[in-house]
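Undergrad: Let's see this in three dimensions:
(one chain, ligands or ions: 2)
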Amino acid sequence: CSYRLRNALHPLWQSPLSIPGGSRQSPINIQWRDSIYDPFLKPLKICYDPTTCLHIWNNGYSFLVEFDDSTDKSIIVGGPLENQYRLKQFHFHWGAINEWGSEHTVDSKFYPAELHLVHWNAVVYPTFEEAVMEGNGLAVIGVFLKLGAHHEGLQTLVDALPAVKHKDTVIEFDVFDPSCLIPSCPDYWTYAGSLTTPPLTESVTWIIKKKPIEVDENQLEAFRMLLFTSDGEEEKRMVDNFRPLQPLMNRTVRSSFQ
Ligand SMILES: Nc1nnc(SCC(=O)Nc2ccc(S(N)(=O)=O)cc2)s1
Ligand SMILES: [Zn+2]
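TA: Numbers count the residues shown, from 1 in each chain. Ligands and ions are numbered 1, 2, ... in the order given. Down below sits the predicted model:
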């Protein structure tokens, strides 16, 4: 019940009732046996240019690694997507302990953390801000993190986190290829959903990778030493920054694999 209490207490995670007419909210539980194999789903093509990486920013919800999205240098295409989408940022959600932390669940199982790579449809919309408001405006790749081996690629990111401990701190981070955080297994689920933090707009085509990546305890602990609070405020550890599960309503989850 602490989980339910936590949501009641934490203003950030609004209940579904506060989104009038919310029929495609995220995150959801992915019931593996209810997902429908769609043979027409294409493989997802990921082409990132590591030099488009700009900085790491603690925005008080998570830490974001932001990219220069003024060109089509870092894009995804294929999968369930009609257009190519530009990489804008990636961030994570995690728990205070390893028992929970991910936003999506698979057969009601939580992972200790979840990576979100946020892309927008720059073919159809002139700006990210406009794409955020449109049903086909965004595409977010979700990757589960599980406790296991040390992740070399993640470590370069972890080493920079002490510099963004407090809300509204930024550090330059100028070369990073986020494809090292995406499992090579091509299998994914996909469904129509929303942003999981305000503005909670129903503009996201979710692409959730079936296979998790492995990270070690020290790397998860590094996430948990970040703060929700600004320098000088009473410290609040940045943990449990995931939204409660939302009703599936009239949606099906498709799988790219049998
Ligand atoms: N005028 C506006 N500027 N920016 C926004 S929304 C900024 C943004 O990227 N929000 C965002 C929130 C949640 C997620 S998530 N957790 O991946 O669903 C991704 C992205 S609306
Ligand atoms: Zn997210």
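Undergrad: Going along the chain, name the strands of the stretch 151-258 of the chain.
TA: Residue ranges of the strands in the stretch 151-258 of the chain, as given by DSSP state E, counting those that start in this stretch, are 169-172, 188-193, 204-209, 213-215, 254-255.
Undergrad: so which of those is the most packed in?
TA: Across the strands of the stretch 151-258 of the chain, averaging neighbours per residue (mean count of other C-beta atoms under 10 Å) puts strand 204-209 on top, at a mean of 24. All C-beta spots, glycine's among them, are computed from the backbone N, C-alpha and C.
Undergrad: returning to that earlier point: tell me which of the strands of the stretch 151-258 of the chain sits nearest to ligand 1.
TA: Ligand 1 lies closest, by C-beta to the nearest ligand atom, to one member of these: strand 204-209, at 6.1 Å.
Undergrad: then that closest one to PDB, C-alphas only?
TA: What follows is strand 204-209, C-alpha atoms only, in PDB (Å, rounded to 0.1, in the frame of the first residue of the first chain):
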ATOM      1  CA  VAL A 204       3.700   8.600 -28.500                       C
ATOM      2  CA  THR A 205       4.200   5.500 -30.600                       C
ATOM      3  CA  TRP A 206       5.800   3.200 -28.000                       C
ATOM      4  CA  ILE A 207       8.400   0.700 -29.100                       C
ATOM      5  CA  ILE A 208       9.400  -1.500 -26.200                       C
ATOM      6  CA  LYS A 209      12.400  -3.800 -26.700                       C
END
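Undergrad: Tell me which residues are up against it.
TA: The set of residues external to strand 204-209 that reach it, using C-beta atoms under 8 Å, 6 or more residues apart in numbering, is 26, 30, 44, 79-81, 104, 136, 138-144, 182-183, 185, 187-195.
Undergrad: I'm done for today, thanks for sticking with me.
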